[in-house]
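Enquirer: fold the following.
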Amino acid sequence: MPKPVLIVGAGLSGAVIGRELAEAGHVVHIIDRRSHIAGNCHTARDEASGVMVHVYGPHIFHTNDDEVWRYVNRHMTFMPYVNRVKTTSAGQVYSLPVNLHTINQFFGRTFRPDEARDFIQSQSDPSIGEPVTFEDQALKFVGRELYEAFFEGYTRKQWGCSPADLPASILKRLPVRFSYDDNYFSHLYQGMPEHGYTEMVARILSHENISIELERNFVRTDAGDFSHVFYSGPLDGYFDYELGRLGYRTLDFEEFQYDGDYQGCAVMNYADADVRYTRVTEHKHFSPWEKHERSVCYREYSRACGPDDEPYYPIRLSDEQALLAQYVARARFEQGVTFVGRLGTYRYLDMDVTIREALDTARSCIRAFADGSPLRAFNIEP
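Expert: Next up is the predicted model:
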């Protein structure tokens, strides 16, 4: 019998790759250092309230990818869910993303869409050509007043630095709408798994060719027992951080419970810099088809990621980009390992993109296994 394949990490990347390989006839062993599967999208029932809690912060599934939508629904029914984010700024509550209601409420006006578009254009800084920084992009995009009310303080808390030190690309993901559409996402498909992400991942992993070992750390000498390794852990961690640590932001969660409805929505951002947390999430609102009297809420605090912390958001500024290039160069010399996923490629990935890349990686590797071709260190370039 050929050696089994080892997958490091039982999150979305590892689960999807493992299932594809198993269905193709490969024997797959998956290990994870945590005590649970599903990675950062792990969900669990709170015993006191019965609420389905997103343990590592909210994960809302949204995609335009037809195949990915069919894939997740094959393993779990996805229930309708629309993400409507609110933000508190200077004692007032507004809708995000910035839309016609936000603009009219903030400026005390009753603009029509074309009037609002002209007004926001008049607020923008005409001296900015091609924006380089987050601050440039915001000032050109929405003008100083909206920037200071909704973006500046929140961004400082989220990233731990001035928006003038961040690339403009971060803000390009945030639209301004000249309509009353307050759906945070504009994708064709959006929803939540009926019984949580962990149950969905468990169903993906439910195959006779897959074995799982939790609370198990990976060491490079493990690779000798397997025909190939798919590694979804931190890229720098694979090399024992020999060149230094790639920069991440991490999150601290302050959980509290409430009798009744605490804030009336799933996500409330706090834009003011003097409020230490970035947002409050109320988890029963992520499952609106369920009814619960009590509520479970998280206050989220963002800070620099330390050696013992959970890495969330890759920073990818100039210093990190230089270090990343060194680790990528080293990874290309490794034999028998493919680096995958958010941590393995040091990129921020939405869940649908993670699944798409995992499907594409698995399929290309299955073809390579079949014809004896060498497998690449990166199927997706970092």
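Enquirer: so what's the nearest residue to Ser227 once chain neighbours are set aside up against?
Expert: Spatially, and ignoring its direct neighbours in sequence, Ser227 is nearest to Lys3 (4.1 Å; Cβ to Cβ, 6 or more residues apart in numbering). Bear in mind the C-beta positions are built from the backbone N, C-alpha and C, glycine included. Neighbour list for Lys3: Asp225, Phe226, Ser227 [criterion: Cβ atoms under 8 Å, 6 or more residues apart in numbering].
Enquirer: Asn64 too?
Expert: With Cβ under 8 Å, 6+ apart, Asn64 has these contacts: His187, Leu188, Tyr189.
Enquirer: so the first one, which state does it fall into?
Expert: Under DSSP: H, G, I helix; E, B strand; the rest coil, His187 falls in the coil class.
Enquirer: circling back: by neighbours, which of the contacts of Lys3 wins?
Expert: Phe226 (19 neighbours; other Cβ atoms under 10 Å).
Enquirer: what residues sit buried inside stretch 4-23?
Expert: Of all the residues in stretch 4-23, those buried under the rule 16 or more other Cβ atoms under 10 Å are 4-22.
Enquirer: at which residues are the strands of the stretch 1-150 of the chain located?
Expert: Taking DSSP state E, counting those that start in this stretch as the criterion, the stretch 1-150 of the chain contains strands spanning 5-8, 28-32, 43-45, 52-54, 61-63, 78-80, 85-89, 92-96.
Enquirer: so what are the sheet partners of the third one and their directions?
Expert: Here strand 43-45 has these sheet partners by DSSP bridges: strand 52-54 (antiparallel).
Enquirer: same check on the second one?
Expert: Take DSSP bridges as the rule and strand 28-32 pairs in its sheet with strand 5-8 (parallel), strand 210-214 (parallel).
Enquirer: equivalent analysis for the last one, please.
Expert: For strand 92-96, the paired strands and their directions (DSSP bridges) read strand 85-89 (antiparallel).
Enquirer: how far off centre is the strand it pairs with?
Expert: Its chain's C-alpha centre and that of strand 85-89 lie 20 Å apart, by Cα atoms, centre = their mean, to the nearest Å.
Enquirer: ok so, going back, quick one: least confident of the contacts of Lys3?
Expert: In terms of pLDDT, Asp225 ranks lowest among the contacts of Lys3, with 92.
Enquirer: residues touching that one, list them.
Expert: Lys3, Leu6.
Enquirer: for it, give its distance to Thr338.
Expert: 17 Å (Cβ to Cβ, to the nearest Å).
Enquirer: what does Ala223 give?
Expert: Ala223 is 11 Å from Thr338, by Cβ to Cβ.
Enquirer: among the buried residues of stretch 4-23, name the ones in helices.
Expert: Among the buried residues of stretch 4-23, the members falling in helices (DSSP state H) are Leu12, Ser13, Gly14, Ala15, Val16, Ile17, Gly18, Arg19, Glu20, Leu21, Ala22.
Enquirer: quick one, what contacts the second one?
Expert: Taking Cβ under 8 Å, 6+ apart as the criterion, Ser13 is in contact with Phe230, Ser232, Val340, Gly341, Arg342, Gly344, Thr354, Glu357, Ala358.
Enquirer: how about the strands paired with strand 28-32 in JSON lines, adding mean pLDDT?
Expert: Output for those, formatted as JSON lines (pLDDT from 0 to 100):
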{"stretch": "strand 5-8", "mean pLDDT": "98"}
{"stretch": "strand 210-214", "mean pLDDT": "98"}
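Enquirer: now, which of the ones in helices among the buried residues of stretch 4-23 sits nearest His59?
Expert: Leu12 (9.7 Å; Cβ to Cβ).
Enquirer: so that closest one touches Ile355, yeah?
Expert: Yes: between Leu12 and Ile355 a contact is recorded at 5.9 Å, counting by Cβ atoms under 8 Å.
Enquirer: just confirm Leu251 is within a strand.
Expert: Yes: assessed by three-state DSSP, Leu251 belongs to a strand.
Enquirer: surely it meets Gly57?
Expert: Yes: contact criterion Cβ under 8 Å: Leu251 and Gly57 qualify, at 6.1 Å.
Enquirer: neighbour-wise, which of the two wins?
Expert: Leu251 (20 against 15).
Enquirer: next, Phe256: phi, psi?
Expert: phi -150, psi 150 (degrees, to the nearest 10).
Enquirer: who are the neighbours in contact with Met200?
Expert: Counted by Cβ under 8 Å, 6+ apart, Met200 has contacts Ala38, Val72, His75, Met76, Pro193.
Enquirer: what about the first one, neighbour count?
Expert: Looking back up the chat, that one is Ala38. A total of 27 residues lie near Ala38 under the criterion other Cβ under 10 Å.
Enquirer: next: the last one.
Expert: The burial count assigned to Pro193 is 25, neighbours taken as other Cβ under 10 Å.
Enquirer: where exactly do the helices run in the stretch 151-300 of the chain?
Expert: For the stretch 151-300 of the chain, helices defined by DSSP state H, counting those that start in this stretch occupy the ranges 153-159, 197-205, 235-238.
Enquirer: so what's Arg279 up against?
Expert: By Cβ under 8 Å, 6+ apart, the neighbours of Arg279 are Val267, Met268, Asn269, Tyr270, Arg299, Glu300.
Enquirer: distance of Gln326 relative to Val8?
Expert: Counting by Cβ to Cβ, the gap from Gln326 to Val8 is 21 Å.
Enquirer: sorry, wrong one. I was asking about Leu323.
Expert: Distance of Leu323 to Val8, computed by Cβ to Cβ: 21 Å.
Enquirer: and for Asp261?
Expert: 41 Å.
Enquirer: look through the chain and tell me its longest helix.
Expert: helix 351-371.
Enquirer: could you dump it to PDB, C-alpha only?
Expert: Output of helix 351-371 as PDB, limited to C-alpha atoms (Å, rounded to 0.1, in the frame of the first residue of the first chain):
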ATOM      1  CA  MET A 351     -14.100  31.300   3.400                       C
ATOM      2  CA  ASP A 352     -15.400  30.900  -0.100                       C
ATOM      3  CA  VAL A 353     -12.000  31.700  -1.500                       C
ATOM      4  CA  THR A 354     -10.400  29.300   0.900                       C
ATOM      5  CA  ILE A 355     -12.700  26.500  -0.300                       C
ATOM      6  CA  ARG A 356     -12.200  27.400  -4.000                       C
ATOM      7  CA  GLU A 357      -8.400  27.300  -3.600                       C
ATOM      8  CA  ALA A 358      -8.600  24.000  -1.700                       C
ATOM      9  CA  LEU A 359     -10.700  22.400  -4.400                       C
ATOM     10  CA  ASP A 360      -8.300  23.600  -7.100                       C
ATOM     11  CA  THR A 361      -5.200  22.500  -5.200                       C
ATOM     12  CA  ALA A 362      -6.600  19.100  -4.500                       C
ATOM     13  CA  ARG A 363      -7.600  18.500  -8.100                       C
ATOM     14  CA  SER A 364      -4.300  19.600  -9.500                       C
ATOM     15  CA  CYS A 365      -2.400  17.400  -7.000                       C
ATOM     16  CA  ILE A 366      -4.600  14.400  -7.700                       C
ATOM     17  CA  ARG A 367      -3.700  14.800 -11.400                       C
ATOM     18  CA  ALA A 368       0.000  15.100 -10.400                       C
ATOM     19  CA  PHE A 369      -0.200  12.000  -8.200                       C
ATOM     20  CA  ALA A 370      -1.800  10.100 -11.100                       C
ATOM     21  CA  ASP A 371       0.900  10.900 -13.700                       C
END
